[in-house]
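Novice: no sequence for this one, just the structure:
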């Protein structure tokens, strides 16, 4: 959290250019030259190392996170996310689809993450423990996501097919980070688990046996979860504010979803829209909130 960037810069000066970066190699058969495959942005933002201005009070209103999420232990979910993320990365590497460090689009995404991560902690104190990772996967899919614990992946299709500006791509990254920070996956799985517990108890009382572990192996569900309309609104607004604080133009949130709406015209629409539906109401809410965060953007721009 850049907090983080300054910590990493200080460490790099002491320990060399690759200090703090874990770097599994890309397959030798990859069309992208083999080098480091991902950046692990160490989530250790000590308060004394904060060199960026402290975040002011939130300008968007999203309310308190659901207490129901506590049915699923955060540590368990983040551990499952690490495992599934590693599997996705390993598969992309084996297919020669994992971008190396020097890939321009990956460098672009990591630069965005370094600007957004400093503003994650006010939304979730657990984020100080997260090991942020940013990867780029070569695929025509229009998709991007952030798993619990800060595990981010973009697909080249979303950048190339939608011809996203940096501001628009940052809105996607902020949105996906916000899903993780607001623990929407944890809440969805908790609701599923609560329902499953009720079903199993009812089945046992009726002599029907156990209907199975609804919440078992939660990691396998992380890429297919569909968030509620309220979750999507929260992620839009929190991501909008984080991006504005990172000096990305708030109006790009509107142009992004206009592009998404246009892209959804084909059969089935993009993968991203299967879990992130677009529509006029979504765009209107973003338009209503752009003026709230515009001063944050202007302040960030002023800091250069």
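Specialist: Arrived safely, thanks for sending. Values in this document were obtained by computation on a predicted structure and should not be read as measured data.
Novice: the stretch 51-200 of the chain: strands as residue ranges?
Specialist: Applying DSSP state E, counting those that start in this stretch to the stretch 51-200 of the chain gives strands spanning 131-137, 144-147, 151-155.
Novice: would you mind pulling the contact partners of the shortest one?
Specialist: With contacts defined as CB atoms under 8 Å, 6 or more residues apart in numbering, strand 144-147 is touched by 81, 84-85, 152-155, 158, 172-173, 176-177, 179-180, 185, 222-223, 272. Glycine gets a C-beta too; all of them are placed from N, C-alpha and C.
Novice: rerun at 7 Å
Specialist: Outside of strand 144-147, the residues within contact range by CB atoms under 7 Å, 6 or more residues apart in numbering are 81, 84-85, 152-155, 158, 172, 176-177, 179-180, 222-223, 272.
Novice: now render the strands of the stretch 51-200 of the chain as JSON lines, adding distance to residue 167.
Specialist: Formatted as JSON lines, the strands of the stretch 51-200 of the chain follow (distance: least, CB to CB, whole Å):
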{"stretch": "strand 131-137", "distance to residue 167": "18"}
{"stretch": "strand 144-147", "distance to residue 167": "15"}
{"stretch": "strand 151-155", "distance to residue 167": "15"}
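Novice: for the strand or helix carrying residue 289, give me every contacting residue.
Specialist: Residue 289 belongs to helix 280-303 when assigned by DSSP states H and E. Outside helix 280-303, the residues that touch it by CB under 7 Å, 6+ apart are 59-60, 233, 236-237, 240-241, 244-247, 249-251, 253-254, 257-258.
Novice: buried subset of those?
Specialist: 59-60, 233, 236-237, 240-241, 244-247, 249-251, 253-254, 257 (16 or more other CB atoms under 10 Å).
Novice: how much space between residue 151 and residue 301?
Specialist: Relative to residue 301, residue 151 is positioned 30 Å away (CB to CB, to the nearest Å).
Novice: with residue 109 instead?
Specialist: 21 Å.
Novice: same question, residue 81
Specialist: Residue 81 is 34 Å from residue 301, by CB to CB.
Novice: can you check residue 261 too?
Specialist: 28 Å.
Novice: those two: who's more crowded?
Specialist: Just comparing residue 261 and residue 301: by other CB atoms under 10 Å the higher neighbour count belongs to residue 261, 17 against 12.
Novice: and the helix or strand containing that one, what does it pack onto?
Specialist: Using DSSP H and E, the element containing residue 261 is helix 252-263. Helices and strands touching helix 252-263, by 3 or more CB pairs under 7 Å, 6 or more residues apart in numbering; DSSP states H and E, are helix 166-181, helix 280-303.
Novice: what lies in contact with the shortest one?
Specialist: Translated: helix 166-181. 108, 112-113, 116, 120, 123-124, 127, 144-148, 150, 152, 159, 185, 227, 234-236, 238-240, 242-243, 246, 248-249, 252-253, 255-256.
Novice: which stretches of the stretch 201-304 of the chain have low pLDDT?
Specialist: Applying pLDDT under 70 to the stretch 201-304 of the chain flags residues 201-224, 265-279.
Novice: make it 80
Specialist: Residue ranges of the stretch 201-304 of the chain with pLDDT under 80: 201-226, 264-279, 304.
Novice: measure residue 119 to residue 246 for me?
Specialist: For residue 119 relative to residue 246 (CB to CB), the value is 7 Å.
Novice: revised request: answer the last question for residue 109.
Specialist: From residue 109 to residue 246 the distance is 13 Å (CB to CB).
Novice: residue 255 too?
Specialist: From residue 255 over to residue 246 (counting by CB to CB), the distance is 17 Å.
Novice: repeat for residue 163
Specialist: Plainly put, residue 163 is 21 Å away from residue 246 if you go by CB to CB.
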